[in-house]
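J.: fold the following and give me the result.
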Amino acid sequence: RVERARAHIIKGNPAGSGVHFRAAPLAGEMAFVFTAGGAAYNGMGRGLLRALPELTTPTTNEFPLADVADWVFDPGHVANPTDYLWGTALLTQAHVQVTRRMFRLRPSAAIGYSSGETNSLFAFGVWRDMNAMRHDIEATGMLEREIGVDFDAVARAWGVDSVDWALWNVLAPLADVRSAIAAEDRVHLTIINTDRDVVIGGDAAACDRVVDTIGRQRCRAVGYNLACHVPEVADAFHEQWKGVHTRAVTPANGVRFYSNGAGPDGAGGSYEVSTEACAEVITRQAETTVDFPATIRAAYVDGVRIFVEHGPSGACTNFVRQILDGRDVLAVHLDRRDHEIDQLFEVAAALVAAGVDVDHAALTDRLDQREPRVGLEADRGATMTFAPHLSPSKMAPVAGRTIQRMAPAPSLPSTLDMAAPTPRVAAPPVTVPSVAAPPSPAAMETAASDAAAIVRQQMDAVAAIHQNSQAHRSGASVVGKGVKGGADSAPGVEHVI
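T.: Modelled structure (predicted):
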């Protein structure tokens with residue numbers, strides 16, 4: 001790693017994992033970015049939550065972990081829209097515990113991507129009733145009946161009995177996509193990720209025609225299939241959607257909030273949080289195209305230079321890097337499939353190299369423990385204390401009651417003296433089995449050699465475990481040295497809602 005760092009600094013070679021360097025601190029503000037439910041994948045966050053289970057405490061105080069974590073820990077679980085939304089919320093809020101409570105980062109801005117806008121409000125305590133919101137969503141049938149699965153809201157908007165809805169991620173120039181959907185009244189541009197990465201949604205047959213026009217090799221069907229960021233929400237589900245997102249607000253001082261439904265003409269920008277404003281901007285982004293590049297560019301103009309993505313995968317980080325290509329910014333993501341803990345050290349190192357104050361030692365210290373410290377800044381709930389042993393109980397004497405004492409039992413003759421003598425019977429002969437001869441010196445030497453080999457194998461295994469443990473500490477030491485390079489991007493994921 002040291003050689004790679006030297007080659008990166010002197011020759012400009014790729015840094016690779018574990019190496020982060022900047023010649024000078026990166027001036028500018030830091031924003032937390034919150035991804036959407038479509039970024040979820042089976043097993044997301046499994047390693048992180050097993051290593052640091054206390055990270056889920058604030059979320060599981062709102063509703064049972066089993067209700068949202070099936071496909072985190074069950075490889076065979078088939079996710080429905082509810083799983084996507086709340087599973088992403090679970091991992092996102094766990095990441096918030098790492099960045100705000102453990103690393104003690106102090107962002108100036110919060111940027112949500114689609115449903116990530118609601119997670120941004122919960123992350124900073126602007127909204128504080130996640131479980132109540134979950135029940136409100138269930139009561140409206142939003143995900144399983146109205147804009148998902150049955151798509152009843154779309155059917156009402158179109159005046160038909162049933163709807164076959166589809167979503168497609170399209171990797172093509174934005175202008176080409178607009179041209180391809182122009183003739184299809186029931187196909188919409190739902191999300192603009194970058195100038196060459198978009199999402200379309202609408203009638204499945206009409207979407208197929210668009211995909212054929214653009215080229216199927218550049219298109220991929222999206223599993224998280226919802227009718228969102230489309231005019232049908234405004235036509236047939238406006239009041240229900242706005243009602244769910246009209247919630248009591250506690251302002252978060254020092255944090256600017258961005259929405260894809262804020263800014264000039266709803267093109268993305270910051271807004272002042274209030275009960276009415278939050279409901280308005282989140283409803284607007286559900287009824288119109290999400291222009292993520294416009295929101296990111298607005299944040300950049302306002303002074304944001306560092307973007308830290310929370311939630312599964314790393315799609316938003318890739319978008320930010322492409323949107324702000326050529327500008328001096330840092331974009332990092334907290335999740336990396338099957339390498340969740342390593343990725344936290346990568347993020348810490350990248351931030352330290354950029355001049356950000358990060359309490360990375362807190363992560364190292366926590367991983368050295370088997371259980372979280374009592375003082376960890378997480379809501380541990382009520383505590384009940386019990387004595388280790390109960391005091392012995394004694395019955396109080398009863399006044400006026402005498403104790404009856406019995407006379408000693410009479411002496412009786414021994415039963416041995418009274419028994420008749422038993423005739424002695426000769427014991428049968430005993431056959432002694434033959435005993436094997438002791439092993440020869442050569443055999444004993446072979447057995448000792450085999451035992452030594454087993455011991456060596458066990459010592460090697462222990463040494464490997466020790467080296468893995470040291471790898472975490474070495475990650476922290478590299479953080480302290482401020483060595484930098486880009487971590488590999490997360491594998492392809494769905495980029496919607």
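
J.: you'd agree H77 is up against D70?
T.: Yes: between H77 and D70 there is a contact at 4.6 Å, judged by C-beta atoms under 8 Å. Every C-beta, even on glycine, is put in place using the N, C-alpha and C of the backbone.

J.: residues shared between the contacts of those two?
T.: Counting by C-beta atoms under 8 Å, 6 or more residues apart in numbering, the contacts common to H77 and D70 are D83.

J.: the strands in the stretch 1-150 of the chain, which residues?
T.: Taking DSSP state E, counting those that start in this stretch as the test, the strands found in the stretch 1-150 of the chain are 20-21, 29-34, 109-112.

J.: which among those is found nearest to R218?
T.: Nearest to R218 among these is strand 29-34; the distance by C-beta to C-beta comes to 25.9 Å.

J.: other SSEs contacting that closest one?
T.: strand 109-112, helix 116-123, strand 304-310, helix 315-323 (3 or more C-beta pairs under 8 Å, 6 or more residues apart in numbering; DSSP states H and E).

J.: how about residues contacting it?
T.: Residues contacting strand 29-34 (C-beta under 8 Å, 6+ apart): 92, 96, 99, 105-113, 116-117, 119-120, 123, 258, 299, 302-311, 316-317, 320, 356.

J.: that one pairs with which strands?
T.: Next to strand 29-34 in the sheet, as set by DSSP bridges, lie strand 109-112 (parallel), strand 304-310 (parallel).

J.: CA-only coordinates of that strand, as CSV, when you get a sec.
T.: What follows is strand 29-34, C-alpha atoms only, in CSV (Å, rounded to 0.1, in the frame of the first residue of the first chain):
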residue,chain,number,x,y,z
GLU,A,29,-19.3,22.8,2.4
MET,A,30,-20.2,19.2,3.0
ALA,A,31,-23.6,17.7,2.0
PHE,A,32,-25.1,14.4,3.1
VAL,A,33,-26.8,12.7,0.1
PHE,A,34,-29.7,10.2,0.6
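
J.: how about that strand: buried residues?
T.: By 16 or more other C-beta atoms under 10 Å, the buried positions in strand 29-34 come out as M30, A31, F32, V33, F34.

J.: kindly reformat these as TSV containing distance to D129 and pLDDT.
T.: What follows is those, written out as TSV (distance: C-beta to C-beta, whole Å; pLDDT from 0 to 100):
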residue	distance to D129	pLDDT
M30	27	98
A31	25	98
F32	21	98
V33	23	98
F34	18	98
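
J.: biggest separation within those residues, which pair?
T.: M30 and F34 (13.8 Å).

J.: any regions of the stretch 351-497 of the chain where pLDDT drops low?
T.: For the stretch 351-497 of the chain, the stretches with pLDDT under 70 are 370-497.

J.: now the residue most central in space within the chain: closest residue in space, sequence neighbours ignored.
T.: Centroid check for the chain by C-alpha atoms, centre = their mean gives L91 as the closest residue, at 2.2 Å. The shortest distance from L91 to any non-neighbouring residue, by C-beta to C-beta, 6 or more residues apart in numbering, is to G45 (4.1 Å).

J.: residues touching the one you found, list them.
T.: V72, L90, L91, A94, P312, D335, E340.

J.: and the two most separated of these?
T.: L90 and E340 (13.4 Å).

J.: so which of these two has more stuff around it?
T.: When L90 and E340 are compared for neighbours, L90 comes out ahead with 26 against 22, by other C-beta atoms under 10 Å.

J.: right, and that one touches V68 too?
T.: Yes: counting by C-beta under 8 Å, L90 touches V68, with 4.9 Å between them.

J.: need the overlap of contacts for the two.
T.: Common neighbours of L90 and V68 (C-beta under 8 Å, 6+ apart) are T59.

J.: got phi/psi on R247?
T.: phi -140, psi 160 (degrees, to the nearest 10).

J.: out of everything not next to it in sequence, what's closest to it?
T.: Closest to R247 by C-beta to C-beta, 6+ apart is W127, at 5.2 Å.

J.: kindly report the same for S162.
T.: A155 (6.0 Å).

J.: do the same with I200
T.: Per C-beta to C-beta, 6+ apart, closest to I200 is W168, 5.3 Å.

J.: the one you found: what's it in contact with?
T.: V199, I200, G201, C207, V210, V211, C219, R220, A221, V222.
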